[in-house]
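J.: Sequence first, then the predicted structure:
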Amino acid sequence: MKIEMIIERTKTGYSAYAEKYPVYTVGGSLDELKANILEALNLHFEAQGKTVTEQDLKITLDLPQFFEFYKVINAKALSERIGINQSLLAQYIKGIKKPSPTQTQRILKGVQQVGKELAAIQFLL
C-alpha cells in the first residue's frame with residue numbers, strides 16, 4: 001500500500017496531509033515530520049489492524065520545497081546539466097513561475113540522474 005503525502009513548507013516548519021485519508025500533521029524538521037506522519041497514519045489505521053512503515057509512504061513535493069529540503073543541490077549546475085535556463089529554473093525554485101509537466105519531468109530526470117551517479121560512487125579507502 002502506497003500512501004501519498006503532500007508536504008508543504010510553513011512558517012514554523014512543515015505540514016503534511018494524505019490525499020485519500022483524513023490524516024494531517026506538522027513537524028519542525030523533515031525528520032520530525034516523517035515520524036509524525038507515521039504516527040498519525042498508524043493511529044488512523046489502528047482499528048483496521050494495519051501498520052504503516054516509511055516504505056508505504058509516497059512523499060510528494062513541489063520544486064520550491066524539493067530545493068528547500070535538498071539545499072545541497074546546486075541549481076546553477078543542475079540547470080547547465082539539463083539544459084534549462086538558470087534564471088528560469090531559479091524562478092521555478094522560488095515559486096515565481098510554475099513549470100509545465102514536461103519541464104517538471106526534465107528537472108526530475110536530471111535530479112534522478114545525479115542521484116544515480118552519486119549512488120554509484122566509491123571512495124578509495
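T.: Perfect, thanks for sending it.
J.: Can you give the domain ranges for this structure?
T.: Listed by automatic domain parsing, the domain ranges of the chain are 3-60, 73-120.
J.: Can you tell me which of those domains is nearest to F67?
T.: Among those, domain 73-120 comes nearest to F67, with 4.7 Å by C-beta to C-beta. C-betas here are computed from N, CA, C, even on glycine.
J.: ok, the longest strand seen in the chain: who's next to it in the sheet?
T.: Across the chain, the longest stretch assigned as strand under DSSP state E is strand 3-10. Note on strand 3-10: by DSSP bridges, its sheet partners are strand 13-18 (antiparallel), strand 57-60 (parallel).
J.: Same question for the shortest one: list its buried residues.
T.: Pointing back at strand 57-60 there. By neighbour count, with 16 or more other C-beta atoms under 10 Å as the criterion, the buried positions of strand 57-60 are 57, 59.
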